[in-house]
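**Q** Build me a model from this:
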Amino acid sequence: MRLHSRVSRESPLRLGVIRPAQSARAMRSGSRLLNLAPAIALVAIFVTGCAGRQPAANRQPAPSVQPAPPEATANRDAGAPGKPAPDEGTVYEEGKASWYGAPFHGRQASNGEIYDMNKLTAAHRTLPFNTVVRVTNTTNGKSTTVRITDRGPFVDNRIIDLSFAAAKEIDLVGPGVVAVRLEILSAIDSNDGFFTIQIGAFRDRANAERLRDRLRATYSPVAIQETGSADSALYRVRVGKVSGEDAAHRLGEKLRQSEGLKPLIFRLDMNAPGGEN
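**A** Below is the predicted model:
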């Protein structure tokens, strides 16, 4: 409408003078403007419509909700409340590993099984029997998977004793001791159960008895455990029967600071047929 009004205002008709040339030019201009009117109208409609909504490029899509993986849900439900049980790949411990074969091959392990050095098993001081563990030699990246069937090692700067077969898989046999990383592959509660603190091991029973008698006034119980055969007996002095591994470590630290001892924490396997506890 405004286009037609502007044409009429600029037309010579306002002056009351009609000139043929001007009239022809006005008619041609009006014709061209009339021909452009549909296109201008479409542009106006497009602009008006776009002004009423946000451009698609600026609209943020609604966030999609991804369901939790089934294994994550299972882990939240397992183990102690608020503390998910370890799942595959959980790093449990780092330290030194050694291995054992003969003369222990064919003897009874702590869980009652006969130790076979050609099977993939291991000894650990506190992990429950049948815990499955991945052991990685951190110097070469080689790994082996073992099942805990025995107790040990009895040296304070080592965390696990591997069978001969497992030691071969990670190139441990030659060096004898290597740095390793332990990863739990089965859900456990490592803090559950009872623990004791070993504070000494003696070939002479009299030495074990003297240490036991010295500590009895302050700590209870203090016991001597005899292991090995009659001709190669070893007498281990152990303190306490503590519920929970965390509490056992606190007692061990107290023995270290107050008595100058080197504590080793062991799980008490109360019903193990071949257990040393």
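
**Q** Please make it C-alpha for all contacts and neighbour counts, starting now.
**A** Noted.

**Q** can I have stretch 91-109 written out in CSV, keeping just the CAs?
**A** These are the backbone C-alpha positions of stretch 91-109, laid out as CSV (Å, rounded to 0.1, in the frame of the first residue of the first chain):
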residue,chain,number,x,y,z
VAL,A,91,44.4,-50.8,41.8
TYR,A,92,44.7,-52.4,45.3
GLU,A,93,48.4,-52.2,46.1
GLU,A,94,51.9,-51.5,44.7
GLY,A,95,55.2,-52.9,46.0
LYS,A,96,57.6,-55.8,45.5
ALA,A,97,56.8,-59.4,44.4
SER,A,98,58.7,-62.6,44.9
TRP,A,99,58.0,-66.2,44.0
TYR,A,100,58.1,-69.7,45.6
GLY,A,101,58.4,-73.2,44.2
ALA,A,102,60.3,-76.1,45.7
PRO,A,103,60.4,-77.2,48.6
PHE,A,104,56.8,-75.9,49.0
HIS,A,105,55.6,-77.8,45.9
GLY,A,106,53.2,-80.6,47.0
ARG,A,107,52.7,-79.2,50.5
GLN,A,108,49.4,-78.0,51.9
ALA,A,109,48.7,-74.3,51.3
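
**Q** Can you check my assumption that residue 129 lies in a helix?
**A** No: applying DSSP: H, G, I helix; E, B strand; the rest coil, one finds residue 129 to be coil, outside a helix.

**Q** how about the spatially closest residue to residue 224 that is not a sequence neighbour, secondary structure?
**A** Leaving aside its chain neighbours, residue 224 sits nearest to residue 237 (4.7 Å; criterion: Cα to Cα, 6 or more residues apart in numbering). When classified by three-state DSSP, residue 237 comes out as strand.

**Q** can you pull the contacts of residue 237?
**A** 198-201, 208, 211-212, 222-225 (Cα atoms under 8 Å, 6 or more residues apart in numbering).

**Q** again, only this time at 6 Å
**A** 198-200, 223-224 (Cα atoms under 6 Å, 6 or more residues apart in numbering).

**Q** One more: residue 195?
**A** Residue 195 neighbours (Cα under 6 Å, 6+ apart): 241-242, 266-268.

**Q** neighbours around the closest residue in space to it that isn't next to it in sequence, how many?
**A** Using Cα to Cα, 6+ apart and skipping residues adjacent in sequence, the residue nearest residue 195 is residue 267, 4.4 Å away. Close neighbours of residue 267, defined as other Cα atoms under 10 Å, add up to 27.
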